[in-house]
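Novice: Pasting the sequence and the predicted coordinates here, then a few questions.
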Amino acid sequence: MLDPDLVERIRTIFLHARSFVSINEAAALLGWSHEQMHDAIAGQDVDLSTACSGKVVARDELTALTLNVLPIEWIEEALGTRAAGVLPDAVRSRRIGVRVPRYHAAMLDYLAEQEQTTAAHLITRALDDLASERLEVLAPAIPGFAEAVAWPRVHDEQPPSRLTSTRR
């Protein structure tokens, strides 16, 4: 059972109607301190956009950050029946069974506990790296693969006149 605060933050991120949030709101929704957000921006781990109110975090950026920091199974659980309407089918989770050496299993358990996440999330992040490395081979071989890797950044929901991306 997920913490009710986490569920509310996830639902706000994925079901949010606005196309951007303030930097402080993004930090709160991600469960980050102001220092963590500042460090992520300074390290170019967060792409800021500009709106009439100043620097903001675009919705697709916030969604991408959330997918990176939280396990997809937690996101799906928090969204409940709305997950199918919010997450592309190729991004939704699917249970698979794998056999790994015991030291790998112990490593995953240890790291997941240290990072307060799941073993599946650690594996997903490693597989995302592999997908990026082999995109040129995998994209033509697997229908929808490139779109799934690029999601949620494949759709610009806001006209450039109101929201333009700026790299810090």
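Specialist: Thanks, I have it.
Novice: Any idea which residue is closest to the centre of the chain?
Specialist: residue 67 (1.8 Å; CA atoms, centre = their mean).
Novice: helix or strand for that residue, which one?
Specialist: helix 59-69 (DSSP states H and E).
Novice: What lies in contact with that helix?
Specialist: 10, 13-14, 16, 18-21, 26, 29-31, 46-47, 49, 57, 75, 91, 125, 152-153, 155-157 (CB atoms under 8 Å, 6 or more residues apart in numbering). No exception for glycine: its C-beta is placed from N, CA and C like everyone else's.
Novice: cool, stretch 77-86 as well?
Specialist: With CB under 8 Å, 6+ apart, stretch 77-86 has contacts from 2, 6, 7, 10, 11, 14, 15, 75, 76, 87, 92.
Novice: about what we covered before: need the mean per-residue confidence for the helix holding residue 67.
Specialist: The predicted model gives helix 59-69 an average pLDDT of 95.
Novice: buried sites along that helix?
Specialist: 59, 60, 61, 62, 63, 64, 65, 66, 67 (16 or more other CB atoms under 10 Å).
Novice: Now it - C-alpha only, CSV.
Specialist: Taking Å, rounded to 0.1, in the frame of the first residue of the first chain, the C-alpha atoms of helix 59-69 are listed here in CSV:
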residue,chain,number,x,y,z
ARG,A,59,4.4,19.0,-17.6
ASP,A,60,6.2,16.5,-19.9
GLU,A,61,9.5,17.2,-18.1
LEU,A,62,7.8,16.6,-14.7
THR,A,63,6.3,13.4,-16.0
ALA,A,64,9.7,12.2,-17.3
LEU,A,65,11.4,13.0,-14.0
THR,A,66,8.7,11.1,-12.2
LEU,A,67,9.1,8.0,-14.4
ASN,A,68,12.8,8.2,-13.6
VAL,A,69,12.5,8.6,-9.8
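Novice: Starting from it, tell me the next helix or strand along the chain.
Specialist: helix 72-79.
Novice: Go through that next one and flag the buried ones.
Specialist: Result for helix 72-79 [16+ other CB under 10 Å]: buried residues 72, 74, 75, 76, 77, 78, 79.
Novice: okay but the fourth one is in contact with residue 95, surely?
Specialist: Looking back up the chat, that one is residue 76. No. Contact criterion CB atoms under 8 Å: residue 76 and residue 95 do not qualify, at 11.6 Å.
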